[in-house]
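Asker: Return atomic coordinates for the entry below.
(chains A and B)
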Amino acid sequence: MMAAHAVVTPYTVSPALMDVLQVTLLVLVAAGATAVALTRAPVRQVIMLSGYGLLLALLFLAFQAPDVTLSELTVGAVALPLLLLLALAKVRRREK
Amino acid sequence: MSPRLRRWLFLAGMAGLAAFYLWGLGGLPGFGHYPGPYGDIINRIAVGQTKATGVVSAVNFEYRGFDTVGEEFILFVAAAGVATVLRHLRGERERPARDQAADRDTPPTSGAIRLVAVALAGPTLVLGWYLASHAQTSPSGGFQGGVVLATAFILIYLSGQFLAFERFSPVDVTDAVEAVGAGGFAGVGLAAVVMGLPYLSNFLGLGGPPGAVSSSGTIALISFFVGMEVAAAFVLLVSELLDQTLLVGSG
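Answerer: Here you go, the predicted structure:
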């Protein structure tokens, strides 16, 4: 899974280790997405979604897209779950 | 339609989708083998041309700056839309936040959450400011910085201070900041037109060596405007929703 033109820096990680990291994260993301879809209780699902956003952010970092990591971290793990929680709180209040 | 027929229809559709998906996957270039010329060209010339070492920002705010203006206004219009939909209607009266069911057992916000939220608010603000103002030097940018800045305000709310959140981010000011941010981006583009250059041309001096905070001309300026717009848009979204949840009764 090595890029065609590997960049060598003082802190270069060995390609084998990067492969292991990338494959592990891909599997974790697939498992996380399934777990979010299978969670039935809305509030619990939102918390799962936040954790899933964190996993996605790590995935982007391992695939050398640190700027996308920052976006995913803030939007996927914080902003989106917050908006969903607020919407849930509003719906619950109306139900009472 | 019988459930049996529906299931067959679903399975046929799924089979078709799977076939097309696998066909498409077969045509993809190998992992890590980038086929197009543009990425390689940009990687070679971007730093020399723009003096920005944050090449992603150089692409976002320079090479495809016009696309980014469009994206910027998507968020602007979305936030304006939420503010419009959630405006106070005639039938609604604002009620102070008071307990709807006083007899229920409400756990107070735990001391740990309040402490962590208050402790993180300051550093988050600094980090967001750093990200929004250093797009030209490192992997960051106005969008990420803006959302992190907004998170600092949300932390103030999390620490149990809804009223402080309202005081720190009054809607009028947030509206104005959002408008200045969105208008600033478009305005930087128009300034280039006034000077007889194409829209969004980098008309400021590139300055400094690559990687200096003062380098890259309009890239840094645009990123900063984007940061303002995004931070204000998110704070506005959250405060509108909080208003709805905590204050407005369904009258």
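
Asker: going forward, measure contacts and count neighbours with C-alpha atoms only.
Answerer: Will do.

Asker: any low-confidence regions in the stretch 1-150 of chain B?
Answerer: The stretch 1-150 of chain B contains residues with pLDDT under 70 at B:90-107.

Asker: The residue in it that chain A sits nearest to sits in which helix or strand?
Answerer: Here the stretch 1-150 of chain B gets closest to chain A at one residue, residue B:32, 4.6 Å apart by Cα to the nearest Cα. Here residue B:32, judged by DSSP states H and E, is contained in no helix and no strand.

Asker: what's the closest residue to chain A within the stretch 151-251 of chain B in contact with, if anything?
Answerer: The minimum distance from the stretch 151-251 of chain B to chain A, using Cα to the nearest Cα, falls at residue B:245 (4.8 Å). The contact partners of residue B:245, taken as Cα atoms under 8 Å, 6 or more residues apart in numbering or on different chains, are A:86-87, A:89-90, A:93.

Asker: Could you do residue B:165 as well?
Answerer: B:153-154, B:156-157.

Asker: In ChimeraX, how would I select the buried members of these?
Answerer: If you want just the buried ones from these in ChimeraX, going by 16 or more other Cα atoms under 10 Å in any protein chain shown, the selection is:
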select /B:153,154,156,157
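
Asker: out of the contacts of residue B:165, who's nearest residue B:209?
Answerer: residue B:153 (35.0 Å; Cα to Cα).

Asker: Would you state the secondary structure element containing that closest one?
Answerer: helix B:142-158.

Asker: Also residue A:69?
Answerer: Going by DSSP H and E, residue A:69 is in helix A:66-74.

Asker: In the helix or strand that that helix is followed by, which residues are buried?
Answerer: Heading C-terminal from helix A:66-74, the first helix or strand you meet, by DSSP H and E, is helix A:80-95. For helix A:80-95, the neighbour count (16+ other Cα under 10 Å) marks A:81-86, A:88-90 as buried.

Asker: Now pLDDT and distance to residue A:26 too, for those residues, in JSON lines please.
Answerer: JSON lines is the format used below for the buried residues of helix A:80-95 (pLDDT from 0 to 100; distance: Cα to Cα, whole Å):
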{"residue": "A:81", "pLDDT": "90", "distance to residue A:26": "22"}
{"residue": "A:82", "pLDDT": "86", "distance to residue A:26": "25"}
{"residue": "A:83", "pLDDT": "85", "distance to residue A:26": "27"}
{"residue": "A:84", "pLDDT": "90", "distance to residue A:26": "26"}
{"residue": "A:85", "pLDDT": "88", "distance to residue A:26": "27"}
{"residue": "A:86", "pLDDT": "84", "distance to residue A:26": "30"}
{"residue": "A:88", "pLDDT": "87", "distance to residue A:26": "30"}
{"residue": "A:89", "pLDDT": "82", "distance to residue A:26": "33"}
{"residue": "A:90", "pLDDT": "78", "distance to residue A:26": "35"}
